[in-house]
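> prediction below, plus the sequence it came from.
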Amino acid sequence: MKRDLPFDVNDAQLQAALAPKVAAAIELLSDIARRFGPAALASSLGAEDMVLTDLIAKHAPTIEIFTLDTGRLHAETYRLLQQITDHYDLHIRVVYPSGEALQSLVAEHGINGFFNSVASRKACCAVRKVEPLRRALAGKRAWITGLRRAQSLTRASLPLQEYDAANGLEKFSPLADWREEEVWAYLHGFGVPYNALHDRGFPSIGCEPCTRALTPGEDIRAGRWWWEEPGGKECGLHPGKPTQAGG
């Protein structure tokens, strides 16, 4: 059962603000497909990436979509992956960690060693996410993310386009200036499938052990690696520069 959103997705002002952002995203994605091919969307299968999946399927189908299966995802995330295939008749490439690297990680840190220290958690992210991402992006000229500036302090100055020196290609975030209300207005307005966990208080969804639902008033990223200090929590896929509040 879908949750009641704290805003009206059919509000006239919201829809008026959304329309030009949708048009701009379509234009940008079409430009990426034309000028930066081969390009790919790295999808976490979260709400923002489902907006981009819908836009790419309809307006820029030559852009590849892939996702990283870390081996520790929620059952709901796997169900959504099948829903996408059924809904769009679209193949999403699934990229997995190296089996040998996983064995070494578990041998050194333990199966749930990411709870023990930030260093151990980052080592896990490096094996399960960062290295597979690099393999997935090999041969690409650009990659696309669902990042938004409002998601965290480390993303507050997120540009629409930047050069990703670590992976040696252009990086685009077409939804950088979208508000959460606009994301959900799009999903509901166009009947886009999304992860059922969003309706259970999960605004951000990653690996099952490292993601929890939020309580009212918590920051949108508080459910990720909640046992760590709140400032600057990232997995290494999107390293950012922390911005001081009010600065």
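Yep, that arrived.

> need the pLDDT of the residue of the chain most remote from its centre.
In terms of distance from the mean C-alpha position of the chain, A107 ranks first, at 29.0 Å (C-alpha atoms, centre = their mean). Note for A107: predicted pLDDT of 96.

> ok, it to K122 distance?
17 Å (C-beta to C-beta, to the nearest Å). Using the backbone N, CA and C atoms, a C-beta is placed for each residue, glycine as well.

> okay, now L137: neighbour count?
Neighbourhood size, L137 [other C-beta atoms under 10 Å]: 22.

> residue contacts, the nearest residue to it once chain neighbours are set aside?
Once flanking residues are discounted, L137 sits nearest to N167: 5.1 Å by C-beta to C-beta, 6 or more residues apart in numbering. By C-beta atoms under 8 Å, 6 or more residues apart in numbering, N167 lies in contact with L133, R134, L137, W143.

> from the contact counts, what lies against the helix or strand hosting E27?
Element membership for E27, per DSSP states H and E: helix 12-35. Helices and strands touching helix 12-35, as assessed by 3 or more C-beta pairs under 8 Å, 6 or more residues apart in numbering; DSSP states H and E, comprise helix 47-59, strand 142-144, helix 180-189.

> so which of the ones you listed is the most packed in?
Among the helices and strands packed on helix 12-35, ranked by average contacts under mean count of other C-beta atoms under 10 Å, first place goes to strand 142-144 (a mean of 24).

> thought G113 was touching K122?
No: with contact defined as C-beta atoms under 8 Å, G113 does not reach K122; the gap is 11.1 Å.

> what are the ranges of the strands in this protein?
39-43, 64-68, 93-95, 142-144, 161-164, 169-172 (DSSP state E).

> neighbours around the closest residue to H91 other than its chain neighbours, how many?
Using C-beta to C-beta, 6+ apart and skipping residues adjacent in sequence, the residue nearest H91 is T85, 7.0 Å away. When neighbours are defined as other C-beta under 10 Å, T85 has 12 of them.

> any idea of the pLDDT on T85?
Model confidence at T85, expressed as pLDDT, equals 93.

> distance of R93 relative to L160?
For R93 relative to L160 (C-beta to C-beta), the value is 25 Å.

> and the residue most central in space within the chain, what does it touch?
With distances taken as C-alpha atoms, centre = their mean, the chain has S44 as the residue nearest its mean C-alpha position (4.1 Å). Neighbour list for S44: T67, L68, G146, I205, G206 [criterion: C-beta under 8 Å, 6+ apart].

> now with 7 Å?
G146 (C-beta atoms under 7 Å, 6 or more residues apart in numbering).

> separation between it and P6?
23 Å.

> contacts only, for the nearest residue to L160 once chain neighbours are set aside.
For L160, ignoring the flanking residues on the chain, the nearest one in space by C-beta to C-beta, 6+ apart is A176 at 5.3 Å. By C-beta under 7 Å, 6+ apart, the contact list for A176 reads L147, R148, R149, L158, P159, L160.

> turn those residues into CSV, including distance to L29, pLDDT and neighbour count.
As requested, those are exported to CSV (distance: C-beta to C-beta, whole Å; pLDDT from 0 to 100; neighbours: other C-beta atoms under 10 Å):
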residue, distance to L29, pLDDT, neighbour count
L147, 15, 94, 22
R148, 16, 92, 22
R149, 19, 89, 18
L158, 17, 90, 21
P159, 16, 93, 11
L160, 11, 94, 14
